[in-house]
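Undergrad: Sequence and predicted structure are below.
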Amino acid sequence: GDSVTQMEGPVTLSEEAFLTINCTYTATGYPSLFWYVQYPGEGLQLLLKATKADDKGSNKGFEATYRKETTSFHLEKGSVQVSDSAVYFCALFDNYGQNFVFGPGTRLSVLP
Amino acid sequence: ETGVTQTPRHLVMGMTNKKSLKCEQHLGHNAMYWYKQSAKKPLELMFVYSLEERVENNSVPSRFSPECPNSSHLFLHLHTLQPEDSALYLCASSQERGNANEKLFFGSGTQLSVL
């Protein structure tokens, strides 16, 4: 079945550092891809998405580009803030099973 | 505030107890979900309800029993759980099920500890 793999955390960065969280997927066809974020004590919320190859999703300074050739959807931000500390989940929409498939999440800690 | 409320926030139970988790949404959504979040594992889809009818049960042990009495409420009844069932249980909803353009709205979860 479809699956999502993310880099293991935790990732610890200083404020204003550059962030990359790697995400690769295995799927039949070309699924829509998503990043969800979970702030401490809260549920997941959608951060950004891309629905087809070469699309770039962006929100709150975060970006991710749908790379069909490498089956990847890496999350990037040029300058992280302490308030970005959270767990980030990469996900895809399984068109066959008609459900969202999530990765294990990557915890990010940003230090002042 | 996502519009999805879960209670209780924390629950500690023994292996012989019976307890229930509650989820409530007033977003007018037709699909509701239970997910299990364990450390370093992918978020695990447990149950899906669409228009109050269960449409998916991903091989979840029978000690977990869902109930959806109406489109706004979802319960997860727990009995004779095992310590490995300790996890964060998340409820989510969406306008409809099976649509890649849909956004999932999650509650804050119930942190369950089984002793």
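TA: Received the coordinates, thanks.
Undergrad: Residue of chain A closest to chain B, please.
TA: Chain A approaches chain B most closely through A:G43 (3.1 Å), counting by CB to the nearest CB. Every C-beta, even on glycine, is put in place using the N, C-alpha and C of the backbone.
Undergrad: OK, contacts around the residue nearest to that residue when sequence neighbours are not counted?
TA: Counting by CB to CB, 6 or more residues apart in numbering or on different chains, A:G43 lies nearest to B:F106, which is 3.1 Å off, once chain neighbours are set aside. For B:F106, the contacting residues are A:38, A:43-45, B:2, B:4, B:35, B:90-92, by CB atoms under 8 Å, 6 or more residues apart in numbering or on different chains.
Undergrad: returning to that earlier point: how about the contacts made by the residue of chain A closest to chain B?
TA: So A:G43 contacts B:2, B:4, B:6, B:90, B:92, B:105-109 (CB under 8 Å, 6+ apart).
Undergrad: Mind doing that once more with 7 Å?
TA: Contacts for A:G43 (CB atoms under 7 Å, 6 or more residues apart in numbering or on different chains) come out as B:2, B:4, B:90, B:106-109.
Undergrad: Tell me the one of these nearest chain A?
TA: Nearest member of these to chain A, counting by CB to the nearest CB, is B:F106, at 3.1 Å.
Undergrad: Please identify the pairing partners of the lowest-mean-pLDDT helix or strand in chain B and their relative orientation?
TA: Every helix and strand in chain B was compared by mean pLDDT, DSSP states H and E; the lowest is strand B:53-57, with a mean of 84. Strand B:53-57 has the following strand partners under DSSP bridges: strand B:44-50 (antiparallel).
Undergrad: Can you tell me what sits against the strand it pairs with?
TA: By CB under 7 Å, 6+ apart, strand B:44-50 touches A:99, B:30-36, B:54-58, B:60, B:64, B:66, B:68, B:74, B:97.
Undergrad: Mind checking which of those are buried?
TA: Among the contacts of strand B:44-50, those scoring as buried are A:99, B:31-36, B:56, B:60, B:64, B:66, B:68, B:74, B:97 (criterion: 16 or more other CB atoms under 10 Å in any protein chain shown).
Undergrad: Relative to the whole chain's centre, how far out is stretch A:105-112?
TA: 13 Å (CA atoms, centre = their mean, to the nearest Å).
Undergrad: Any buried residues in it, and which?
TA: A:105-108, A:110.
Undergrad: Could you list the contact residues of chain A toward chain B?
TA: Counting by CB under 7 Å from any CB of the partner chain, chain A comes close to chain B at A:4, A:32, A:41-46, A:89, A:93, A:95, A:98-100, A:102-104.
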